[in-house]
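**Q** Okay, predicted coordinates and the sequence, questions at the end:
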Amino acid sequence: MEAGKGSTDLEKEVLNAGLCTSCGACVGICPYIKVVKDRVAVIEPCGITDGKCYDFCPRTLTDISELDRRIFGQERSDSSLGPYISIEMAQAKDSKTRNRGQYGGVVSALTAYAMSKGEIGATVLTKPFNESLMPTSVLVEDSSQVLSCAGSNYIASATLARLNEAMKQQTVSLGIVGMPCQILALRKMQASKHENGSKEVKLAIGLFCTWALSYKSFHEFLKGKINPSQIKRLDIPPPPANKLVVVTEAGTLEFPLDEIREFVKPTCGICFDMTSEFADLSVGMVEGVDDWNTLIVRTPEGKMIIDKAKEDGIIETKPLPEANLSHLREASLLKKKRALDEIVKRTGDKNNLLYLRLSDAELRKLR
Ligand SMILES: Cc1cc2nc3c(=O)[nH]c(=O)nc-3n(C[C@H](O)[C@H](O)[C@H](O)COP(=O)(O)OP(=O)(O)OC[C@H]3O[C@@H](n4cnc5c(N)ncnc54)[C@H](O)[C@@H]3O)c2cc1C
Ligand code: SF4
Ligand code: SF4
């Protein structure tokens, strides 16, 4: 969205400033940017002054109204949750999918369904645990493999690096599941003037996200307490639990969230999006209701998949109780307000919102 900048600017304005989300959008598109675990680095300046890396990054200038118009054909009227068609609760009908899934298994059920129906040919997913604390992004080409990626790992993963690889192989009709910052980067790729294959992404499922953890510090914290490569499941139950639950082959441990917060990535403090506002479908938990997901349908493409999946008995839905919807709005709005406060704290200038460009009308509603 901002022409005339390249990897040197990315390094200075995003990586060195602690703003990188580790989304992976800049990885794999040039030989000079590398990722190790969740750490991204420019290893040598490339000299290009109008780079894809800078253009795709979710932490370089991002005009929210412009993206709204591109994706949804109009600007948002809902400041807390972004544009949407409907909000319901949903769960996978298949009990195996529900049991393997983080909550209601809706993400896995819909992904496998879209692949089996030929709506998408392959999907970029993130395998949460693979005998390592670090999640791995994978290209799943057969719907029977989708469940092997079920569950949540709260470490940020460079998932879009795998998308960049898939696009080089000219894979057609792709799906992706990602966190809000990853879906934002995907939409910036799709809006970019730079040639890339991201228009082949036909289904973007976004997860809700409050924050993600840095690999190194969290790994250090766990070492000595458990074997991080034995983790089978992580969960952050809704308030008032205020804890992180770690399930390993050797048993279950719980840590107060206050002990964990210091490992949250610094960029999450300036993150404006809790519900993946630019996805086709957004999925999170339903507070106080086990085994169900909150499902936000945002685009006609997303609605089509949901309508068919309901008709074919893949998922079931029911109305989201008003109290849950109201709390979701509050939580999302709180994240935006905190992000704005934190950004202004960092810049010292209420007119310098770092990567965010918001319309005056939106800003008035949030301040
Ligand atoms: C870092 C993080 C923070 C989250 N924070 C919240 C929150 O604050 N509130 C809330 O309601 N929900 C949050 N979620 C989402 C929630 O954990 C579930 O993923 C979501 O509700 C879908 O549930 P499901 O049963 O349909 O998932 P499943 O069917 O189990 O599918 C989960 C999907 O998540 C993907 N995934 C797992 N780990 C990662 C990762 N590190 N990066 C990218 N993709 C990944 C997998 O590819 C899989 O497709 C968070 C998820 C992550 C990864
Ligand atoms: S594109 Fe993603 S991985 Fe690259 S610098 Fe920006 S936030 Fe980090
Ligand atoms: S809080 Fe924002 S920046 Fe951090 S992982 Fe979640 S979506 Fe990405």
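**A** In hand now; what should we look at? Numbering: from 1, shown residues only. Ligands and ions are numbered 1, 2, ... in the order given.

**Q** For the stretch 1-150 of the chain, which segments count as helices?
**A** For the stretch 1-150 of the chain, the helices defined by DSSP state H, counting those that start in this stretch occupy 7-10, 52-56, 64-72, 95-100, 106-116.

**Q** Kindly report the residues of this structure close to ligand 2.
**A** 10, 14-15, 20-26, 40, 56-59, 185 (C-beta under 6 Å from any ligand atom). Where you see a C-beta, it was placed from the backbone N, CA and C, and this is true even at glycine.

**Q** between those residues, which is nearest Val264?
**A** Thr21 (11.8 Å; C-beta to C-beta).

**Q** Can I have the buried ones of the residues of the chain next to ligand 2 as a ChimeraX selection?
**A** Buried members of those, defined by 16 or more other C-beta atoms under 10 Å, are picked up in ChimeraX with:
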select :10,14,15,20,21,22,23,24,25,26,40,56,57,58,59,185
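
**Q** give me every residue that touches Asp94.
**A** 105, 109, 314 (C-beta atoms under 8 Å, 6 or more residues apart in numbering).

**Q** So Gly175 belongs to a helix, correct?
**A** No - using DSSP: H, G, I helix; E, B strand; the rest coil, the assignment for Gly175 is strand, not a helix.

**Q** count of neighbours near Gly99?
**A** Careful, residue 99 is Asn and not Gly. When neighbours are defined as other C-beta atoms under 10 Å, Asn99 has 12 of them.

**Q** give me the element the residue of the stretch 151-300 of the chain found nearest ligand 1 is part of.
**A** Taking C-beta to the nearest ligand atom, ligand 1 has its nearest neighbour within the stretch 151-300 of the chain at Gly284, 2.9 Å off. If you go by DSSP states H and E, Gly284 is part of strand 281-285.

**Q** hang on, Val14 packs against Thr60?
**A** Yes - in this structure Val14 lies within contact range of Thr60 using C-beta atoms under 8 Å: 6.6 Å.

**Q** List the beta-bridge partners for Met285.
**A** Taking DSSP bridges, one finds Asn293 as the beta-bridge partners of Met285.

**Q** Give me the number of neighbouring residues for it.
**A** Around Met285 there are 23 other residues, counting by other C-beta under 10 Å.

**Q** Surely it and Thr294 touch.
**A** Yes - judged on C-beta under 8 Å, Met285 makes contact with Thr294 at a distance of 6.7 Å.

**Q** got any residues that touch both of these two?
**A** Listed contacts common to Met285 and Thr294 are Phe208; contacts here mean C-beta under 8 Å, 6+ apart.

**Q** And for Arg357, nearest residue in space, chain neighbours not counted?
**A** Asp63 (4.2 Å; C-beta to C-beta, 6 or more residues apart in numbering).
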